[in-house]
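Participant: Got a predicted structure plus its sequence, pasted below:
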There are 2 protein chains.
Amino acid sequence: MNSADLGRRVGVPSTALFTDQYELTMVQAALKAGTADRRSVFEAFTRRLPEGRRYGVVAGTGRVLDAVENFHFDDEMLTFLRDQRIVDSPTVDWLADYRFSGDIWGYPEGEVYFPGSPLLRVEGSFAECVLLETVILSILNHDSAIAAAASRMSAAAGGRRLIEMGARRTHELSAVASARAAYIGGFHTTSDLAAGFRYNIPTVGTSAHAFTLLHDSERDAFRAQVDSLGRGTSLLVDTYDVTEAVRTAVEVAGPELGAVRIDSGDLLLVAHRVRQQLDELGATETKIVVTSDLDEYAIASLAAAPVDAYGVGTQLVTGSGHPTCSMVYKLVARARSADPADPLLPVVKKSLGAKSSRGGRKWAARRLDEAGVAEAEVIGSGEVPPELVDRQMLVELVRGGEVVGREPLETARERHVAARAGLPMSAMQLSRGEPVLPTEYV
Amino acid sequence: MNSADLGRRVGVPSTALFTDQYELTMVQAALKAGTADRRSVFEAFTRRLPEGRRYGVVAGTGRVLDAVENFHFDDEMLTFLRDQRIVDSPTVDWLADYRFSGDIWGYPEGEVYFPGSPLLRVEGSFAECVLLETVILSILNHDSAIAAAASRMSAAAGGRRLIEMGARRTHELSAVASARAAYIGGFHTTSDLAAGFRYNIPTVGTSAHAFTLLHDSERDAFRAQVDSLGRGTSLLVDTYDVTEAVRTAVEVAGPELGAVRIDSGDLLLVAHRVRQQLDELGATETKIVVTSDLDEYAIASLAAAPVDAYGVGTQLVTGSGHPTCSMVYKLVARARSADPADPLLPVVKKSLGAKSSRGGRKWAARRLDEAGVAEAEVIGSGEVPPELVDRQMLVELVRGGEVVGREPLETARERHVAARAGLPMSAMQLSRGEPVLPTEYV
């Protein structure tokens, strides 16, 4: 694989403080008690999908790998922990040498998932694994929420182009991760330059209303834009009167005009009118881009409109009503020592009326029906039944602290298309429903 | 002011690519057309509050100042822009020298705001101002959404302690900004170490269920924790049976036990039972912390419960149903040249059925009634009426490119308490309603 496919390795600060304090205090107490090195298995999973959603989409795995690699405490951080008395001196010394040395397996990025799916299985000593809880969950909970929304939007858009343009509606770095997750979920381009820079996602963008308002007339603005960006550019036609603007646009750029963008009004109606006008003006190849508070339902409702591309912002980067997943990271098994020969004991929280989950180190497999369509997500902690051995979901991501599962973003993007296509048809319905695959525990 | 109050200046990458591509292409076209240096005024504002909310909370201003200071293109970024042909060569050269040299005024951080409030007014050349659009909106839209949720939760909590613990539910850097915004909105502490490191926000945290499950018995776990963290620690008592755990906790730590934490179940009922049990065991000073999917309504419903502190995660960092504000950044006035003597002309988008706003460079003032309670947010673009001169909302933040409005986080936090206290009482109601102050345009 060409290393450029993996995106640009930008210098990032250590991820070691993207951590809840209790992880460090647990390490301190476990070090003192002599239990810190007990062999342990943690799993990241979700007890349920967001209400009404039929499948989840794994995204963020690649960022998790970066985060695990960059998880180390520098001198300034160690001084902070010592000065603020967050942990004691032996713990600070232990943290100074910290590097994750264990193994991580997980669902590959772009896969779909269901309640209970062990999305990530992290194995090593208790102390080294527990430290990764927050940063792993931050990444998976955020990125998977965006990818799930993107996937629904891409299903609704059919083959039409989808532009991610939500950077302004979310934290500036969340925006970069959102563009990445949206790309995995089926978007084609992003407006966010940092996402282009970091992840090689194609970037797009031409002009805003401010550009028209800067100039003394709409014609001046269009001429300035076409002079500089060429006839293939996209002109924004709803600053004043759309019909007038479309006429001016074609006069200025000629019928070779690349596209017009409509950012307000009744998009269905306006798109039809603009298409007719463009065709009458001979601009039959000029595309129509719409960009006004779209979500998957609005996209679907425009299926019959002559729209060539959708720009989606707010609803994409806020997960279309579900801005986070409810993934948790739980200790599911541990030994009584660091000895690999010491057996792993399943553990599980058991309080009454509580959030329940299943103990034990788990595998997962997707069972297909006779037609080759997925029919169940099978999860177990014993032997994998022979007929499911080839249908296992988890892949190796980190081996003995070394990242082995890095892959190009395109691979995750393609995997998502294939994974979604392997689900029962009802997965693609936008209406609320149950998870499209049942989770079976064996 | 002590510079330590401003938090730690951590090395951050440039913010210049937290930018939508169209900002750069507009600069290119305006440079070519000779309009890039037209004196311009942009304003950030919101057309409406999230549905049912009675006031907004300004947060992120301090981060905006950092972002403006760090907005410069380094060689690697310029190479990217050139290689990807995002802009032409003269524009790349212009960007290489970019530093914002204009003026910024705005609502100070922690203030409340209403529809139309000019939260930030950015003045300079068109090109230098338009470039800041996305990063300014990303920060304000995100941080203000979190601060608004935090403010409602702090109103609901009365004087009780609020712990921000949502890092795992949002992007890892969004989490740091969320902790900061929550602190402004009235939270007391955070679990997020990066927020403590960067912003000096007090951090807390002791242990998770994993720590109990790591050990061979709950008693072993409690003993390990108390041995290491002291009797003042907070023990998590809902891994198995709460009553049993509370008894064990007090046996192990003695009545000096700092706190118990309950993370599941019927919190109202359980808190009462645990309080009674603790009192019977002589642990009358032991605090009760609850941390299970809380939002402002759950917090309010626990007002009669013997709870000492609330830990809030998901609903805080996702803005309690409103994960973003709908702030926009619009060109509101511009001259025909760079000449300061050339008059500013108000500009405004005017298309039918469109998102309307008001042109002109604006001031804002909060009018009080005779009792000194706020009664209207008054916004205008002409002369400020004499009786409102002393009630103006905008303060100077950047002068000629130099940041002059930096302030300690505590100042913003205290300002928010005062600002909220100055609103009509109905501002504090959690139920849905109209903005508590009307916006008046003069």
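Facilitator: The structure has been received and is ready for your questions.

Participant: switch to C-alpha atoms for all contacts and neighbour counts from now on
Facilitator: Noted.

Participant: Would you map out the domains in chain A?
Facilitator: Following automatic domain parsing, chain A resolves into domains at A:16-145+A:322-360+A:393-441, A:206-307.

Participant: Do me a favour and get the end-to-end distance for the longest one?
Facilitator: Between the opening and closing residues of domain A:16-145+A:322-360+A:393-441 we find a distance of 35 Å, counting by Cα to Cα, to the nearest Å.

Participant: and A:S381, which of the domains of chain A is closest to it?
Facilitator: Nearest of the domains of chain A to A:S381, taken as Cα to Cα: domain A:16-145+A:322-360+A:393-441 at 5.7 Å.

Participant: Verify the contact between A:R391 and A:R366 for me.
Facilitator: Yes - with contacts defined as Cα atoms under 8 Å, A:R391 counts as touching A:R366 at a distance of 5.7 Å.

Participant: residue contacts, A:S174?
Facilitator: Contact partners of A:S174, counting by Cα atoms under 8 Å, 6 or more residues apart in numbering or on different chains, are B:171, B:173-174.

Participant: Helices of the stretch 251-400 of chain A, residue ranges please.
Facilitator: Secondary structure of the stretch 251-400 of chain A (DSSP state H, counting those that start in this stretch): helices located at A:267-280, A:296-301, A:314-317.

Participant: okay, these, which one's buried deepest?
Facilitator: The highest mean neighbour count among the helices of the stretch 251-400 of chain A, using mean count of other Cα atoms under 10 Å in any protein chain shown, belongs to helix A:314-317: a mean of 28.

Participant: Dump the C-alpha coordinates for that one into CSV.
Facilitator: The C-alpha trace of helix A:314-317 is given here as CSV (Å, rounded to 0.1, in the frame of the first residue of the first chain):
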residue,chain,number,x,y,z
THR,A,314,-25.6,20.8,10.8
GLN,A,315,-27.6,17.5,10.6
LEU,A,316,-24.6,15.6,9.5
VAL,A,317,-22.1,16.8,12.1
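
Participant: by contact count, what packs against that helix?
Facilitator: Counting contacts by 3 or more Cα pairs under 8 Å, 6 or more residues apart in numbering or on different chains; DSSP states H and E, helix A:314-317 is packed against helix A:133-157, helix A:172-185.

Participant: can you pull out the helices in the stretch 1-150 of chain A?
Facilitator: Using DSSP H, counting those that start in this stretch, the helices found in the stretch 1-150 of chain A span residues A:21-33, A:61-69, A:75-83, A:89-96, A:126-130, A:133-157.

Participant: Could you export the ones you listed as TSV, including mean neighbour count, mean pLDDT and distance to A:T212?
Facilitator: TSV is the format used below for the helices of the stretch 1-150 of chain A (neighbours: other Cα atoms under 10 Å in any protein chain shown; pLDDT from 0 to 100; distance: least, Cα to Cα, whole Å):
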stretch	mean neighbour count	mean pLDDT	distance to A:T212
helix A:21-33	24	98	50
helix A:61-69	20	97	39
helix A:75-83	15	96	48
helix A:89-96	16	98	55
helix A:126-130	26	98	54
helix A:133-157	28	98	29
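
Participant: export those helices to TSV and tack on distance to A:P118?
Facilitator: TSV is the format used below for the helices of the stretch 1-150 of chain A (distance: least, Cα to Cα, whole Å):
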stretch	distance to A:P118
helix A:21-33	21
helix A:61-69	13
helix A:75-83	32
helix A:89-96	28
helix A:126-130	15
helix A:133-157	12
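
Participant: Looking at those, which is nearest to B:V237?
Facilitator: If you check each of those against B:V237 by Cα to Cα, helix A:21-33 wins as the nearest, at 15.1 Å.

Participant: That closest one to helix A:89-96, inter-axis angle?
Facilitator: Counting by axes from the mean of the first three to the mean of the last three Cα atoms, to 10 degrees, helix A:21-33 lies at 110 degrees to helix A:89-96.

Participant: ok and helix A:21-33 relative to helix A:133-157, angle-wise?
Facilitator: 140 degrees.

Participant: can you list the residues that contact helix A:21-33?
Facilitator: Helix A:21-33 is touched from outside by A:36-37, A:86-88, A:90-91, A:127, A:130-131, A:133, B:191-193, B:203-208, B:211, B:224-225, B:227-229, with contacts defined as Cα under 8 Å, 6+ apart.

Participant: Mark which of those are buried, thanks.
Facilitator: Buried members of the contacts of helix A:21-33, counted by 16 or more other Cα atoms under 10 Å in any protein chain shown: A:36-37, A:86-88, A:91, A:127, A:130-131, A:133, B:191-193, B:203-208, B:211, B:224-225, B:227-229.

Participant: Hmm, A:S264 is touching A:V237, no?
Facilitator: No - using Cα under 8 Å, A:S264 is not in contact with A:V237, being 9.8 Å away.

Participant: which one of these two has more residues nearby?
Facilitator: Comparing A:S264 with A:V237 by other Cα atoms under 10 Å in any protein chain shown, the one with more neighbours is A:V237, at 28 against 19.

Participant: Tell me who's in contact with the residue nearest to that one when sequence neighbours are not counted.
Facilitator: With Cα to Cα, 6 or more residues apart in numbering or on different chains as the criterion, A:V237 has its nearest non-adjacent residue at 5.2 Å, and that residue is A:A245. Going by Cα under 8 Å, 6+ apart, A:A245 touches A:218, A:237-238.

Participant: Surely A:A245 is within a helix?
Facilitator: Yes - counting by DSSP: H, G, I helix; E, B strand; the rest coil, A:A245 falls inside a helix.

Participant: Lovely, talk soon.
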